[in-house]
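> structure for the following, please:
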Amino acid sequence: MAEVIRMPKMSDTMEEGVIASWLKKEGEEVSSGDVLAEVETDKATMELESYQDGVLLHIGVNEKESVPVDGVLAVIGEKGEDFKHLLEETSNGQSTVEATSEAEKPQASSSEAIDTSNINASIIRMPKMSDTMEEGVIASWLKKKGDTVESGDILAEVETDKATMELEAYEDGTLLYTAVSEGNGVPVDGIIAIIGEAGADYESLLKAEEQGSSSAPVEEVKEEAPVSTASAAPAATPVAAAPVASTTASSNGRIKASPLAKKIASEKGIDLAQVNGSGTDGRIVKKDVEEFTPSAQPQATSTATAQPSVSIPQVVGEERSEKVELSQMRKVIAKRLSDSKFAAPHFYLTMEINMDKAIEARKSMNEVAPVKISFNDMVVKAASAALRQHPDVNVSWMGDHMVKHSHIHMGIAVAIPDGLIVPVVRFADNKSLSHISAEVRELAQKAKDKKLQPEEFSGNTFTISNLGMFGIEEFTAIINPPDACIMAVGGIKETVVVKNGEMKPGNVMKVTLSCDHRAVDGAVGSAFLKTFKELMEDPVRILI
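Sure thing, here's the model as predicted:
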């Protein structure tokens, strides 16, 4: 019997997965244990195994597409078996609540519905011209009702929360209707005009819009008033605006110039009123400003002593940006750490540690150790020993209760190209420095290769984030939930220290403990940090 294959929850934080690649194709036979696909989660790229024998009858997701946990991926069954009813049942099951809510809504009868399919016109709405824009004000109309507009024509100037910008037409047509006069504001996606073929029944288009909206109908502006326009676009689709924060040369004395021309003129101290524009309708463009010479400017009479002119070199660069799609890992990092930062009341405890003895001890250890021991390994060991003495720090906040752990699983933050992942050294307090060093290296390499298994990046009870190798002296870290604490470790700095009242050269390292005040109090965190400092300043104690 055919069976639907769904997206499994491959980690405790996973909400969706991306199909990195399909290793089987539709129509291929599969056996239990065969790898069907590679799935990119927020933690690593993992293999999706088949748990039954059969034929891969259907693949419902393309490579590089994301699927929520429990979403349909594929169907496996016997060759030639009818599986479509399974997909229909799945689809019906997912839309039951939605369909019910829609059924409860009052629906307009089919006899009342207005057919707009034959109306060759489009509603123009207020586009979102900036990331913070909520409404735009029509500063001025450059086209009027009844005017013929062509693609590229400037229809109106719209004042946003950022600047006054030009609204450009993107297709040909006639301005049939305007709904907003100069000085009036329109919310984003609100109706401002209609463009279409001459004589089109735009009133029916407005009635159909009213029928499908709870908002009050927009009154038409009188014909003699300046009219708003925007480029014709598919009905009910916001029209993108050409962001041109410039003015336009016209009868009202305004100067029409491109943004780049204005910027260069500002940098060179050139008065745009003295520049002749070579663009459409006399618009001043970049070339006009670059070719403009001060000698062309009329000399102002002045009794003041002439100042020597200063030649300002022109610096022109190319503005270039690109959209970067978020990886699953980056999405989850953003969500989890945002939740942690704004939900957990953080407080921070910073302590300076004398590392002179630790430097000497590490040098001696590496003379006999089977693997090279790093300062980070010593930090992991010392923190584990301090947690054993202060179990009230080794806790997790679970919302309505806390969990106090008797085991110590140390999370080590590791930076990888896609973001940050936290491999876990389990029972760290029971392991030697050599064992910790070898395990941390292995886990870090697996993390970079995206080969970590779920048990290797989950279950931490405390986390360490070390940026000392990048030269960072001190920083604060955001708690990695559900941990109650995370310790940020800075680099070792050679400086002047005071010993027995005398100033001497020494080496210090700063650590900052971030605590969730819901679970850990200041005195508890301070006591832990004091013990950690004592262990690091006398490393022999962590070997006992």
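> roughly how far is the helix or strand hosting residue 463 from the heart of the chain?
Secondary-structure element containing residue 463, defined by DSSP states H and E: strand 462-466. For strand 462-466, the distance between its averaged C-alpha position and the chain's averaged C-alpha position is 24 Å (CA atoms, centre = their mean, to the nearest Å).
> residue 365 looks like it's in a helix, true?
Yes. When the secondary structure is assigned by DSSP: H, G, I helix; E, B strand; the rest coil, residue 365 falls within a helix.
> surely it and residue 433 touch.
Yes. Using CB atoms under 8 Å, residue 365 is in contact with residue 433, at 6.6 Å. (Glycine included, C-beta is placed from N, CA and C.)
> returning to that earlier point: the strand holding residue 463 - contacts with which helices or strands?
Based on contacts counted as 3 or more CB pairs under 8 Å, 6 or more residues apart in numbering; DSSP states H and E, the elements that strand 462-466 packs against are helix 375-389, strand 410-412, strand 485-499.
> comparing these, which comes out most buried?
Mean neighbours per residue, mean count of other CB atoms under 10 Å, is largest over the helices and strands packed on strand 462-466 for strand 410-412, with a mean of 25.
> alpha carbons only: can I get stretch 17-31 in CSV?
Output in CSV follows, covering the C-alpha atoms of stretch 17-31 (Å, rounded to 0.1, in the frame of the first residue of the first chain):
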residue,chain,number,x,y,z
GLY,A,17,14.1,21.6,5.8
VAL,A,18,15.4,22.3,2.3
ILE,A,19,15.8,19.5,-0.2
ALA,A,20,19.5,19.8,-1.1
SER,A,21,19.4,17.0,-3.6
TRP,A,22,17.3,14.0,-4.6
LEU,A,23,19.3,10.8,-4.8
LYS,A,24,16.4,8.8,-6.2
LYS,A,25,14.1,9.6,-9.1
GLU,A,26,10.5,9.0,-9.7
GLY,A,27,9.9,5.5,-10.9
GLU,A,28,13.0,4.1,-9.3
GLU,A,29,12.8,1.1,-6.9
VAL,A,30,13.9,1.8,-3.3
SER,A,31,14.6,-0.5,-0.4
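> list the buried residues of it.
By 16 or more other CB atoms under 10 Å, the buried positions in stretch 17-31 come out as 17-20, 22, 24, 30.
> contacts for that stretch?
Taking CB atoms under 8 Å, 6 or more residues apart in numbering as the criterion, the residues outside stretch 17-31 that touch it are 7, 10, 34-41, 45, 50, 53-59, 61-67, 69, 73, 76, 328.
> just the buried residues of those residues.
Among the contacts of stretch 17-31, the ones that count as buried by 16+ other CB under 10 Å are 7, 10, 34, 36-41, 45, 50, 54-59, 61, 67, 73, 76, 328.
> in strands only, show me these.
The strands, defined by DSSP state E, take in 36-40, 45, 54-59, 67, 73, 76 from the buried ones among the contacts of stretch 17-31.
> which one of these is nearest to residue 540?
If you rank these by distance to residue 540 using CB to CB, residue 45 comes first, at 42.8 Å.
> give the contact list for the closest one.
Residues near residue 45 by CB under 8 Å, 6+ apart: 20, 38-39, 450.
> closest one of the residues you listed to residue 175?
Comparing these against residue 175 with CB to CB picks out residue 20 as the nearest, at 50.0 Å.
> nearest residue to that closest one other than its sequence neighbours?
Distances taken as CB to CB, 6 or more residues apart in numbering put residue 38 closest to residue 20, at 4.2 Å, once the chain neighbours are dropped.
> what segments of the stretch 401-544 of the chain are helices?
In the stretch 401-544 of the chain, helices defined by DSSP state H, counting those that start in this stretch lie at 433-448, 522-537, listed in chain order.
> and if you look at the stretch 1-150 of the chain?
Using DSSP H, counting those that start in this stretch, the helices assigned to the stretch 1-150 of the chain run over residues 84-94, 96-104.
> any idea which of those scores lowest on pLDDT?
Within the helices of the stretch 1-150 of the chain, confidence is poorest for helix 96-104, with a mean of 43 (mean pLDDT).
> my read is that residue 438 contacts residue 369, right?
No. Taking contact to mean CB under 8 Å, the distance of 10.0 Å between residue 438 and residue 369 leaves them out of contact.
> tell me the pLDDT at residue 305?
Here the pLDDT value assigned to residue 305 is 51.
> check residue 239 too.
At residue 239, the pLDDT value in this model is 38.
> circling back to that earlier point, ok, now which ones touch the residue nearest to residue 20?
For residue 38, the contacting residues are 19-21, 23, 45-48, taking CB under 8 Å, 6+ apart as the criterion.
> mind redoing it with 10 Å?
Counting by CB atoms under 10 Å, 6 or more residues apart in numbering, residue 38 touches 17-23, 45-48, 63, 450.
> sorry, back to before: dump the helices and strands packed on strand 462-466 into a markdown table; add mean pLDDT and distance to residue 512 as well.
Rendered in a markdown table, the data for those read as follows (pLDDT from 0 to 100; distance: least, CB to CB, whole Å):
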| stretch | mean pLDDT | distance to residue 512 |
| --- | --- | --- |
| helix 375-389 | 96 | 13 |
| strand 410-412 | 95 | 16 |
| strand 485-499 | 93 | 5 |
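> from the ones in strands among the buried ones among the contacts of stretch 17-31, which is closest to residue 538?
Within these, proximity to residue 538 (CB to CB) peaks at residue 45, which comes in at 43.4 Å.
> neighbours around the residue lying closest to residue 194 once chain neighbours are set aside, how many?
Excluding the flanking residues, the one nearest residue 194 by CB to CB, 6+ apart is residue 177, at 4.1 Å. The local packing of residue 177 (other CB atoms under 10 Å) involves 25 other residues.
> how far off centre is the helix or strand in which residue 177 is found?
Secondary structure assigned from DSSP H and E places residue 177 in strand 173-178. The chain centre lies 39 Å from the centre of strand 173-178; the measure is CA atoms, centre = their mean.
> report the buried residues of that strand.
Taking 16+ other CB under 10 Å as the neighbour-count basis, strand 173-178 is seen to contain the buried residues 173-178.
> before we move on, what about stretch 3-14?
3-5, 7, 10-11, 13-14.
> quick one: which of those residues is nearest residue 403?
Ranked by distance to residue 403 (CB to CB), the buried residues of stretch 3-14 are led by residue 13 at 16.9 Å.
> test my guess that the closest one contacts residue 337.
No. With contacts counted by CB atoms under 10 Å, residue 13 stays clear of residue 337, the gap being 11.1 Å.
> okay, and the common contacts of those two?
If you check residue 13 and residue 337 against CB under 10 Å, 6+ apart, the residues they both contact are residue 481.
> from residue 533, how far out is the closest residue to residue 495 other than its chain neighbours?
Distance criterion CB to CB, 6+ apart; nearest residue to residue 495, sequence neighbours excluded, is residue 508 at 5.8 Å. In this structure, residue 508 lies at 11 Å from residue 533, with CB to CB, to the nearest Å as the measure.
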